[in-house]
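Peer 1: would you be able to build a 3D model of this:
(one chain, ligands or ions: 2)
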Amino acid sequence: MALTADYTDKIPNNVALHEDRRLQRALESWQPNFLTWWDSMGPTLPTEDVYLRTAVDVGRDGWARFGHVAMRDYRWGVFLAEPKPDRRIAFGAHRGEPAWQQVPGEYRADLQRLIVIQGDTEPASVEQQRNLGATAPSLYDLRNLFQVNVEEGRHLWAMVYLLHAYFGREGREEAEELLHRNSGSDESPRILGAFNEETPDWLSFFMFTYFTDRDGKYQLGTLKESAFDPLSRTAEFMLKEEAHHMFVGTTGIDRVVLRTAELMREHDTDDVTARGGIPLDVIQKYINFHYSVSLDLFGSETSTNVANYYTSGLKGRWGEERRKDDHTLTDDSFLVDALVEGAIGQREVAALVGLNTDLRREYIRDCHTGLGRWNRLLEEAGIERRLYLPHIAFNRQVGAFAAVETAPDGTVLTADAWEDSKGAWLPTEVDKTYIRSLMRPVHEPGRIASWIAPPRQGINGKPFEYEYVHLV
Ligand SMILES: [Fe+2]
Ligand SMILES: [Fe+2]
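Peer 2: Ligands and ions are numbered 1, 2, ... in the order given. Alright, predicted model coming up:
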């Protein structure tokens, strides 16, 4: 398999697409449909060109190149991480056997389903974010939004390649469906609930890239372990791009907190709204919301489906190879979160059925790092107030805690008490209206909106003032 990227092809790739004319033709006939989707469901702000990173290879150094490109001419390609010679399956019933280069018949339906679900989230997020360009707080942020958008488009390509290359006619039909479902559509919505909500403002965008894209990182982490080698290598390369999406979220929230802290100190007040800032209360409510809906994306605490995926080798655990156990888990038990006689507690289950909980806990641990950063910024600014992650049972719609309402500290509440207090913990219409009122475009180079601090550095060594985007 050729590993150097081929850029002379219509579809840039490192999978030697030209050697498989049928597959090449199939993907080339999907390409115009993708572009039609991009034109009708992608970013709505008209632009001349954008300073974007394009994946051109998969090697350690120099996998990407930067330059101004018209977004429609972006080179969306197919890239798989380099194969590991003699890769073996790391877990489950097939542990130690060679990784699969083809789809085993008995796992075909399940693998296809996993790929379709992952693939569905990629264009969904582009759709959710399509109107944000009109209210970007700076050209730098506008560029980052578009970078995330084109890469989510490339992630769709990555999944479509697998469907076309390994799943025959059904795979090609699923690839079409990925363009027909649309975020928020009544007739054919996206598969997962959270991907049908609009991302209405930039605070939500930063929260989404911090909390919801991070769910994507953990899902990809489980697929990276897959016994199906092409899926594993695809996920591995996607994770590389995903790191920038996390960066956009983390530093985006850094800069909001920093600006708020600055205004609080300068004017000696918690209420920074008069100065065009976002109060810490409101930031906390957005954290509460986005964190709790992202926890739901990991599914219920126990799942026999996921146990089967693991045993079959389709999906591993986060950091599977670093774990110190037998990697089959058939004799192990595990404590999952549960309601025990109406109270929040834990119960013991077979380790295999508790894998959703295991992944969610890895995710939660990772989420704490952001809180640490933001609280350090507050501390450095001499502000006593701290931000936090709410309790795992707070505002949950999926799993054991969907049955109860709790305060952010985990205190179980009556339905009435929840109704009375939820406006103190989740964004209200008043909060959302205020945030919307701040969303005015700042499209001049070097300038920035009132509610966010400029970044410490620009992109790829360019200064903040650089003209990252040329508008029409
Ligand atoms: Fe993605
Ligand atoms: Fe992403």
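
Peer 1: how far does stretch 293-302 sit from the chain's center?
Peer 2: Chain-centre distance of stretch 293-302: 14 Å, with Cα atoms, centre = their mean, to the nearest Å.

Peer 1: could you do stretch 161-175 as well?
Peer 2: Taking Cα atoms, centre = their mean, one finds the center of stretch 161-175 at 23 Å from the center of the full chain.

Peer 1: kindly report the same for stretch 322-341.
Peer 2: With Cα atoms, centre = their mean, you get 26 Å for stretch 322-341.

Peer 1: and that stretch, how far apart are its ends?
Peer 2: Distance across stretch 322-341, first residue to last, is 36 Å (Cα to Cα, to the nearest Å).

Peer 1: which parts of the chain are helices?
Peer 2: Along the chain, counting by DSSP state H, helices occupy 21-41, 108-128, 139-166, 168-180, 202-207, 213-224, 229-267, 280-296, 304-312, 355-380, 415-425, 429-438.

Peer 1: average pLDDT for the first one?
Peer 2: Just to be clear, that refers to helix 21-41. Mean pLDDT, computed over helix 21-41, is 96.

Peer 1: again with the third one
Peer 2: Confidence over helix 139-166 (mean pLDDT, whole number) is 98.

Peer 1: and Glu380, how many neighbours does it have?
Peer 2: 10 (other Cβ atoms under 10 Å). C-beta coordinates here come from the backbone N, C-alpha and C atoms, glycine included.

Peer 1: pick out the residue in the chain sitting closest to ligand 1.
Peer 2: Residue nearest to ligand 1 within the chain: His155 (3.7 Å; Cβ to the ion).

Peer 1: thought that residue was touching Ala124?
Peer 2: No. Assessed by Cβ atoms under 8 Å, His155 is found out of contact with Ala124, at 10.8 Å.

Peer 1: contact partners for the residue of the stretch 51-200 of the chain found nearest ligand 2?
Peer 2: Taking Cβ to the ion as the measure, the point where the stretch 51-200 of the chain comes nearest ligand 2 is Glu152, at 5.6 Å. The contact partners of Glu152, taken as Cβ atoms under 8 Å, 6 or more residues apart in numbering, are 122-123, 125-126.

Peer 1: the residues you listed into a markdown table, with extra columns for neighbour count and distance to ligand 2?
Peer 2: Shown next, in a markdown table, are the contacts of Glu152 (neighbours: other Cβ atoms under 10 Å; distance: Cβ to the ion, whole Å):
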| residue | neighbour count | distance to ligand 2 |
| --- | --- | --- |
| Glu122 | 22 | 8 |
| Pro123 | 28 | 12 |
| Ser125 | 27 | 7 |
| Val126 | 22 | 10 |
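
Peer 1: report whether stretch 293-310 contacts ligand 2.
Peer 2: No. Using Cβ under 5 Å from the ion, stretch 293-310 stays clear of ligand 2, with a minimum separation of 12.7 Å.

Peer 1: show me the contacts for the closest residue to Pro189 other than its chain neighbours.
Peer 2: Spatially, and ignoring its direct neighbours in sequence, Pro189 is nearest to Asn196 (4.9 Å; Cβ to Cβ, 6 or more residues apart in numbering). Asn196 is in contact with 124, 183-185, 189-190, counting by Cβ under 8 Å, 6+ apart.

Peer 1: please, a ChimeraX command that selects the buried ones among those?
Peer 2: Buried subset of those, written as a ChimeraX selection, criterion 16 or more other Cβ atoms under 10 Å:
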select :124,183,189,190
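
Peer 1: distance check, the residue nearest to Phe195 when sequence neighbours are not counted against Gly133.
Peer 2: Counting by Cβ to Cβ, 6+ apart, the nearest residue to Phe195 once its immediate chain neighbours are dropped is Ala124, at 3.7 Å. To Gly133, Ala124 is 17 Å away according to Cβ to Cβ, to the nearest Å.
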